[in-house]
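Visitor: Curious how this folds, go ahead:
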Amino acid sequence: MSASARPASTTSRTRTTARALAAAAGCAALLASAGCGSTAVGAASSKPVVGLITKTADSGYFQALRAGAEQEGKALGVDLRSYAGTGETDSATQIKAIQELVALGAQGILITPANSDVLPAIADARTKGLLVVALDSPTDPADAVDATFATDNFAAGRSIGQWAAATVDTKAARIAMLDLNDAHVPVDVARDQGFLAGFGIDLADPKVIGDETDPRIVGHAYTGGDAKGGKAAMEQLLARDPSINLVYTINEGSALGAHEALQAAGRAGQVTVVSIDGGCDGVKATTAGQIGATAMQFPLRMARLGLDAVIDHALTGDVPPSSPGLAFFNTGSQLVTDKPVGGLYSKGSDWGSKNCWG
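Guide: This next block holds a predicted model:
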């Protein structure tokens, strides 16, 4: 990703000394260091081992995470072992991967946790000396991992909510909320609640999805985070209220499915759709007017910083700090739309197409 893809609003973090140290000393010196882990690493690989565990392998977002980690791993001389679940909530595959990495004597693990079921395995890995870094998906509690690099999803949701509030008639809004699934993982909750707060809807409990009493909300439906689920969820809520005119979506895959359902119902030109992710397909949909605005996040940056953190910890024992006021390091987001509104900073889809992922 180009430097321009790292928004100026993102908290600045100096690049760790890991790359310089690894390049100067070589992997052999790293492995010889008393602080670099057990001799099992040397038996398994001639390079320090770091694991990357994502929720799925077929998502463009997680493919971008992997690309960022592979690029940084090559620069650092790291043996990156990649694993992926079969779905958003496949904790069993993630647990097996954690156990395998522990057995290999890995230096650390980068993980997008499927759900709370993986936390005991993470805790076991940490007790055995591995640095565990969450990417994209914060854990609950936050200190279940050593560090987290993620988008401030509440802020990302709030930005598209503020844009929507400045774009549609807020008093006449009929809102469809297309969420992820009934597990209500932190990223799902934060995006949903951020959007509603940005739109000006009172939140009952900001840690809970669906407890609002505002009559403008038609309902919440689950998408599974893909186009098929987005289409089905949109159809479900349209059946409940055909007058829906504003649609929040958890990600751009579900937004594209929602657009398909709206098009089939003859409503596509009458409904505003907003989303979060910043993938290239989503930016194209923004250019085409299928998505009114999206909040771009930066998965390559997450992966690079996460991998740097693991190697830096192996060399120095340091653990990266969180951003001020947050329980994680915020890698930033950028509102992308071709319909800018006053008082809200945004970039156009031309910029988005040059800085998107996937």
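Visitor: For the stretch 251-358 of the chain, which segments count as strands?
Guide: Ranges of strands within the stretch 251-358 of the chain are 272-277, 293-297, 329-330, 333-337, based on DSSP state E, counting those that start in this stretch.
Visitor: Can you spell out which helices and strands pack onto the third one?
Guide: Under the contact definition 3 or more C-beta pairs under 8 Å, 6 or more residues apart in numbering; DSSP states H and E, strand 329-330 sits against strand 147-150. Yep, even glycine has a C-beta here, placed from its N, CA and C like the rest.
Visitor: Centre of the chain to the strand it packs on, how far?
Guide: 10 Å (C-alpha atoms, centre = their mean, to the nearest Å).
Visitor: And for stretch 278-293?
Guide: Distance of stretch 278-293 from the chain centroid (C-alpha atoms, centre = their mean) equals 18 Å.
Visitor: ok, and what's touching it?
Guide: Residues from elsewhere that reach stretch 278-293 (C-beta atoms under 8 Å, 6 or more residues apart in numbering): 60-61, 64, 160, 163-164, 167, 251-253, 255-256, 259, 268, 272-275, 294-298, 333-339, 346, 349, 352-353, 355-358.
Visitor: residue ranges with poor pLDDT in this structure?
Guide: 1-45 (pLDDT under 70).
Visitor: Could you list the domains of it?
Guide: 17-150+299-319, 153-297+335-355 (automatic domain parsing).
Visitor: Restricted to buried residues, select the contacts of stretch 278-293 in ChimeraX.
Guide: A single ChimeraX command selects the buried members of these (16 or more other C-beta atoms under 10 Å):
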select :60,61,64,160,163,164,167,251,252,253,255,256,259,268,272,273,274,275,294,295,296,297,298,333,334,335,336,337,338,346,349,352,355,356,357,358
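Visitor: wait, isn't R81 in contact with V49?
Guide: Yes: in this structure, R81 is within contact of V49 by C-beta atoms under 8 Å, at 6.1 Å.
Visitor: intersection of neighbour lists for the two?
Guide: Joint contacts of R81 and V49 (C-beta under 8 Å, 6+ apart) are L101, L104, A106.
Visitor: Dump these to JSON lines, plus secondary structure and neighbour count.
Guide: Formatted as JSON lines, the shared contacts of R81 and V49 follow (DSSP: H, G, I helix; E, B strand; the rest coil; neighbours: other C-beta atoms under 10 Å):
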{"residue": "L101", "secondary structure": "helix", "neighbour count": "27"}
{"residue": "L104", "secondary structure": "helix", "neighbour count": "20"}
{"residue": "A106", "secondary structure": "coil", "neighbour count": "28"}
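Visitor: So which of those is the closest to G194?
Guide: L101 (32.9 Å; C-beta to C-beta).
Visitor: For I111, see how far away the nearest residue to the closest one once chain neighbours are set aside is.
Guide: Sequence neighbours aside, G51 is the residue nearest to L101 in space, at 4.1 Å (criterion: C-beta to C-beta, 6 or more residues apart in numbering). Separation of G51 from I111 (C-beta to C-beta, to the nearest Å) stands at 8 Å.
Visitor: Mutual contacts of the two, please.
Guide: I98.
Visitor: Any idea how many residues pack against T148?
Guide: 28 (other C-beta atoms under 10 Å).
Visitor: which residue sits closest to it, ignoring its sequence neighbours?
Guide: F328 (3.6 Å).
Visitor: P141 is in contact with that neighbour, correct?
Guide: No: counting by C-beta under 8 Å, F328 does not reach P141; the two are 11.8 Å apart.
Visitor: When those two are compared, which one has more neighbours?
Guide: F328 (22 against 10).
Visitor: So for the chain, the centremost residue is which one?
Guide: In the chain, the residue lying closest to the centroid (C-alpha atoms, centre = their mean) is D136, at 3.5 Å.
Visitor: Looking at G51 and I111, which one has more neighbours?
Guide: More neighbours surround I111 than the other of G51 and I111, with 29 against 26 (other C-beta under 10 Å).
Visitor: how far away is the more buried one from A232?
Guide: 29 Å.
Visitor: ditto for Q290
Guide: To A232, Q290 is 18 Å away according to C-beta to C-beta.
Visitor: Neighbour count: R81 and V49, which is higher?
Guide: V49 (23 against 19).
Visitor: what's the closest non-adjacent residue to the more buried one?
Guide: Nearest non-adjacent residue to V49, counting by C-beta to C-beta, 6+ apart: A106, 4.2 Å away.
Visitor: Give me the phi and psi angles of that neighbour.
Guide: Main-chain torsions, A106, degrees, to the nearest 10: phi -60, psi 160.
Visitor: any idea how far it is from Q71?
Guide: Taking C-beta to C-beta, one finds A106 at 19 Å from Q71.
Visitor: I'd say G257 and Q236 touch.
Guide: No: applying C-beta under 8 Å, one finds G257 not in contact with Q236, separated by 11.7 Å.
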